[in-house]
Structures are given as C-alpha cells and as structure tokens.
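1. The sequence and its predicted three-dimensional model are supplied below.
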Amino acid sequence: MIASVEPAGIVGRVGAIEQQCDRKATDVTARTRLEQLGLLLAAGLTNIQARELFEAAAGFKMSRINLFDHELPAVIKFCDEQRLSYELSDYRVLEFMSEEGKGHFSNMGTRTDDPAGLRYCYVSRDPEESRRGKEAERAEDFGPWEMGELLRVPKCCTDFFVRNKQEAIDRYSDDYALITSRETGSPGPFDFRLNYQAQYFGYSLFTYFLCNWRCEESIRRSEAILEIVGDVSPSWRRTFERNLASVIVYENLVAVHRVHGEFVGGRELAFYPHDLRSTSSTPLREFLLRERRLRWEQDGSLRFTAGGGAALLAADETRVIPFTAETSSADV
C-alpha cells in the first residue's frame, strides 16, 4: 500500500529543495567571482584594477583602467565571460616622466606612440558608454565633465578637479591631497572609505580626487563599492578596509607614508615599525621609525617634541591626513 502524502508536505519539501538549489547557485556564483579575481591578480592586475572591473560587471558604472599589452588578454577574457563591452584608446601613455614621490604609482603622463606605453581600456555593460569614454578622452583635456558622468564621479568633485587642475599640475604633480586639505579646513580624522591616498600602497575605492575629506556623496558611493567588493569575497572587502583605515603623511613630491597604529591622544599615533610603509625612504621616515610616534598640529603639520624637527622635512609641504573606521569621530 502506498502511503499518502499531504499536499502541504509536498509543497514544503519542494520549497526546501528550491532553497538548496538557490544556495548552491549562489555558492557557484561567488566561487566563480573569486576565481575570476584570482585570475586577474595572477595576470598582474592590481587590486584597484580588479575592483574597477567588478564595478563594471555589477553595472555600477563604466570603468577605465590603464593596461600594458601583457595584461590585456586577462581583461578581454573577463569581459567576454561577463558579457561586457570594452574599447581601447588609440594612443598610449608614458608615465614616470618626473619624480613624483609616489613609488610605483604615477599621476602624470604623456601621450605617445611608443609600444612601451600603456593604453586606457574603457569597460561597461553598455557599449555606448565604452565608446563615449574613448571618444571623450581623445580631447586634449581628457573630457573631464563627460568622464565624470561616465565614471559616476560626484559633480562637486568634478568641479573641484577642473577648478584646481593647473595648480595641482604646477605644484603637486597632478595630486590634489593638499588642495583637498585646504578646502576641508578641519584636521579630521576622516572616514576611512575616502582614503584614496592608500592607492599608492595598492588600495582605494575610487580613482578621482575629492572636493573635501568629508564629501558625503563620495562616502555613499564608496560604501556601494565596498558592497560590490564584498560580493566577490568578504575577505577581499576586509583587506580593503584594513588598508584604508590608516593615517597618511604626505611629503609633497618626495614621499607618501601610510601608518597603522593606535590613537593615544587627540593628534598622536603610536605604532610599531612594521606599521609604517613608505613610497620612498626619507629622513622623516627614519625619524618616525625611531620615535614610533606620529604627532601633528591642528592644521595637519607635524609636531616634534625635540628641536630641529624642520630639518627632517625634505618636502616644501608636509601634511598629516588621518583616516579612521570610527566614522562618527569628531575633529580633534
């Protein structure tokens, strides 16, 4: 005799099976994303470049990354698998034309036909966006307003970029950190998600320049990016967060230093030598390694407990820019 099965029981079992299938599908998707991330990094792309590609795959925006020829096959494979459109710039760019103090990172470049140069790759779910990005940057000024729209840069930051472009080039090798500090007018600490200066050490959530260190629209945008990064891998998200929550010491045209540590006062950080990373070795770096203390004034200038500190500063302008994961922190 065949036992009867209540309809409700059948529905319940079917529902459980469907849930199991959904979980398995999610697991496979997450594993595929993680595998794709591994392949991109193994091909020589940076965490920032990989992040940009996953933003495009999520339909968040058009992404632009600079690539050498040997990196291109991995990007094309990713685009094909994700059904993304991409365009390559008609020109190449040579970087590191002058000393910027940024280690392996450069903000300056010149257009060239030299095959040793890199090319820009414009990636989007929308083929029209990729084409527009390529066309916009053919312009002498790289089309900042149209690129700002395509890259989802807050309008306040695009306006800031355009207004201060010449000063940034003339005084700071096209970096805006000190101009941003001037515009902000307060010492921080600031929301860690806005620490684009960490890009010089391999991590950032965006590639534009902030109008001020408290830009609310950029904070919201950065949180959305962290969600995308976390969907690829929760541990990848945690790695970004750890690297961004740090204090930056900016020596203009000489070096950038990133320090992790513990706040022991309003504007004082205690740290161990392994917590300090620098794009270049400078007298200030050596001093900080000996002292294991970083102290700064209300305006972000360094504070020294002993006389003669100014002699340690090789740059014409040096500022401390603190970032913290405690987003409610008030200026101190």
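-> Okay, I see it.
2. Show me where the stretch 101-250 of the chain has its helices.
-> 127-136, 144-150, 155-172, 177-184, 216-232, 234-244 (DSSP state H, counting those that start in this stretch).
3. Kindly format the C-alpha coordinates of the host helix or strand of I76 as CSV.
-> Secondary structure assignment for I76, by DSSP states H and E: helix 72-82. Extracted in CSV, the C-alpha atoms of helix 72-82 (Å, rounded to 0.1, in the frame of the first residue of the first chain):
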residue,chain,number,x,y,z
LEU,A,72,45.2,42.8,-21.9
PRO,A,73,44.3,39.1,-22.5
ALA,A,74,43.1,38.6,-18.9
VAL,A,75,40.9,41.6,-19.1
ILE,A,76,39.4,40.6,-22.5
LYS,A,77,38.7,37.1,-21.1
PHE,A,78,37.0,38.7,-18.1
CYS,A,79,34.9,40.9,-20.3
ASP,A,80,33.9,38.0,-22.6
GLU,A,81,32.8,35.9,-19.6
GLN,A,82,30.9,38.8,-18.1
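4. could you check the angle helix 127-136 makes with that helix?
-> Orientation note: helix 72-82 sits at an angle of 150 degrees relative to helix 127-136 (axes from the mean of the first three to the mean of the last three CA atoms, to 10 degrees).
5. picking that back up, take the helices of the stretch 101-250 of the chain and write them to a markdown table, including mean neighbour count.
-> For every residue, glycine as well, the C-beta is placed using N, CA and C. Below are the helices of the stretch 101-250 of the chain laid out as a markdown table (neighbours: other CB atoms under 10 Å):
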| stretch | mean neighbour count |
| --- | --- |
| helix 127-136 | 18 |
| helix 144-150 | 19 |
| helix 155-172 | 16 |
| helix 177-184 | 20 |
| helix 216-232 | 17 |
| helix 234-244 | 17 |
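6. Can you tell me what sits against the helix holding I76?
-> Applying CB atoms under 8 Å, 6 or more residues apart in numbering, the contact partners of helix 72-82 are 36, 39-40, 42-45, 53, 56-57, 65, 67, 84-86, 88, 119, 121, 123.
7. if you set the cut-off to 7 Å instead, what comes out?
-> Applying CB atoms under 7 Å, 6 or more residues apart in numbering, the external contacts of helix 72-82 come out as Q36, L39, L40, A43, L45, L53, A57, L67, Y86, C121, V123.
8. The chain: strands as residue ranges?
-> Using DSSP state E, the strands of the chain run over 63-67, 85-88, 92-95, 109-112, 119-124, 190-191, 247-251, 255-259, 262-265, 268-270, 276-278, 293-295, 318-324.
9. Return the member of those strands having the minimum mean pLDDT.
-> Per-stretch mean pLDDT for those is lowest at strand 109-112 (a mean of 72).
10. name the helices or strands packed onto it?
-> Secondary-structure packing of strand 109-112 (3 or more CB pairs under 7 Å, 6 or more residues apart in numbering; DSSP states H and E): strand 92-95.
11. Would you mind listing the buried residues in the strand it packs on?
-> Going by neighbour count (16 or more other CB atoms under 10 Å), the buried part of strand 92-95 is R92, V93.
12. roughly how far is that strand from the heart of the chain?
-> 21 Å (CA atoms, centre = their mean, to the nearest Å).
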